[in-house]
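J.: quick check, what structure comes out for this input:
(one chain, ligands or ions: 1)
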Amino acid sequence: MAMPRLITIPFSHYCDKARWALDRAGVAYVEEGHLPMFAWLPALRAGRHRTVPTLATDAGAVPDSTEILRWCDRHGDAPPLFPPELPEVAELEERFDRRWGPHTRRLAYHHLLPVLRARIGGFRGVPPRELAITRALAPAVAAMMRRGLGIDEAGVARSTERVAEILADVDARLADGRRYLCGDRFTAADLTFAALAAPLVHPPELDEVMPMADPPPGLATLRDRVRATAAGAFALRMYAQHRAWRGSHRS
Ligand SMILES: N[C@@H](CCC(=O)N[C@@H](CS)C(=O)NCC(=O)O)C(=O)O
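T.: Residues are numbered from 1 along each chain as shown. Below you'll find the model as predicted:
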């Protein structure tokens with residue numbers, strides 16, 4: 001069997017969700033990183049979706065992060081991310097995918113796009129040509145991303161509300177002292193919540209793929225506010241305790 005190929009935008013939180021599951025499952029894979037928009041073609045070529053992550057395998061493409069987690073349960077050697085006896089895990093995972101990930105991303109890009117040109121660089125594994133083109137066309141790229149991600153006043157206000165809502169839900173869930181969102185073991189719910197929190201909590205484990213040592217001031221303030229919640233601290237703890245890097249992308 002040829003080694004699976006994971007097509008990514010290296011700093012995308014949905015991509016780290018997939019990479020985390022593959023690393024945890026002990027699956028060897030090669031990562032092929034691209035910048036936003038440049039990832040469309042390779043993703044479409046591998047599967048029929050233009051979004052990343054897309055996992056290209058001998059048996060076909062797995063073009064969605066949740067499907068990649070399920071693929072890891074079938075092909076990996078770690079305890080299942082979706083234990084059959086915990087149907088609640090799939091519900092929570094789906095909720096975080098739809099109501100958390102898009103909003104953490106929108107708020108982070110809202111702060112990052114105005115300084116896009118200065119932030120392009122240091123992404124391991126991205127073709128230098130894509131970096132050069134994105135840097136040269138930074139204002140146009142930022143405008144396209146703003147349109148694509150709905151980054152305007154109304155969008156930012158809606159995402160601010162959604163983020164507060166999910167943080168409050170997760171705070172409430174953790175209030176009884178449980179170690180994980182669905183009880184006493186790590187599942188897809190924990191992995192998905194933490195990975196999709198990354199644009200706002202900046203886990204140090206992602207320094208190489210999502211360099212955030214020096215975020216713009218507005219994002220630093222937001223990061224500090226989110227880290228101060230029980231849910232934000234929980235996301236950082238999931239990274240610290242469960243994010244072992246193993247894939248062949250770590251050259
Ligand atoms: N539901 C998808 C969402 C993935 C997603 O939104 N990927 C973004 C990068 S963070 C993407 O590829 N966007 C490109 C596009 O929408 O054209 C998943 O879970 O894999």
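
J.: only C-alpha atoms for contact and neighbour calcs from this point on.
T.: Will do.

J.: so, low pLDDT: which residues of the chain?
T.: Across the chain, the ranges flagged by pLDDT under 70 are 247-251.

J.: give me the nearest residue to W40, chain neighbours excluded.
T.: Nearest residue to W40, sequence neighbours excluded (C-alpha to C-alpha, 6 or more residues apart in numbering): R50, at 4.7 Å.

J.: for the one you found, give its distance to P63.
T.: Distance, R50 to P63, by C-alpha to C-alpha, to the nearest Å: 8 Å.

J.: need the residues touching each of the two.
T.: Contact criterion C-alpha atoms under 8 Å, 6 or more residues apart in numbering; residues shared by R50 and P63: A43.

J.: now do the SS call for the residue nearest to W40.
T.: Put simply, R50 is coil when judged by DSSP: H, G, I helix; E, B strand; the rest coil.

J.: list the contacts of it.
T.: Neighbour list for R50: 39-41, 43-44 [criterion: C-alpha under 8 Å, 6+ apart].

J.: what does A231 give?
T.: Contacts for A231 (C-alpha under 8 Å, 6+ apart) come out as 167-168, 170-171, 174.

J.: pull up the residues of the stretch 51-200 of the chain that are close to the ligand.
T.: For the stretch 51-200 of the chain, the contact set with the ligand under C-alpha under 6 Å from any ligand atom comprises 51-53, 64-66.

J.: just the buried members of the contacts of A231?
T.: When the contacts of A231 are checked for burial by 16 or more other C-alpha atoms under 10 Å, the buried set is 167, 170-171, 174.

J.: give the closest residue to R178 in space, chain neighbours not counted.
T.: Closest residue to R178 apart from its sequence neighbours, by C-alpha to C-alpha, 6+ apart: D184 at 6.7 Å.

J.: quick one: the one you found from the ligand, how far?
T.: For D184, the distance to the ligand equals 25 Å [C-alpha to the nearest ligand atom, to the nearest Å].

J.: same check, this time on M238
T.: For M238, the distance to the ligand equals 19 Å [C-alpha to the nearest ligand atom].

J.: report the contact partners of that residue.
T.: Contacts of M238 (C-alpha under 8 Å, 6+ apart): 190-191, 194.

J.: show me which of these is closest to the ligand.
T.: Distances from the ligand to those, taken as C-alpha to the nearest ligand atom, are shortest for L191 (12.6 Å).

J.: so that closest one sits in a helix?
T.: Yes: counting by three-state DSSP, L191 falls inside a helix.

J.: now it: closest residue in space, sequence neighbours ignored.
T.: K17 (6.8 Å).

J.: now, among the contacts of M238, which is nearest to A108?
T.: Ranked by distance to A108 (C-alpha to C-alpha), the contacts of M238 are led by A194 at 15.1 Å.

J.: give me the three-state assignment for the closest one.
T.: helix.

J.: same check on P211?
T.: P211, by the three-state scheme (three-state DSSP), is coil.

J.: output the contacting helices and strands for the helix or strand that contains L107.
T.: Assigned by DSSP states H and E, L107 belongs to helix 101-112. Where contact means 3 or more C-alpha pairs under 8 Å, 6 or more residues apart in numbering; DSSP states H and E, helix 101-112 is packed against helix 13-25, helix 153-174, helix 188-201, helix 217-227.
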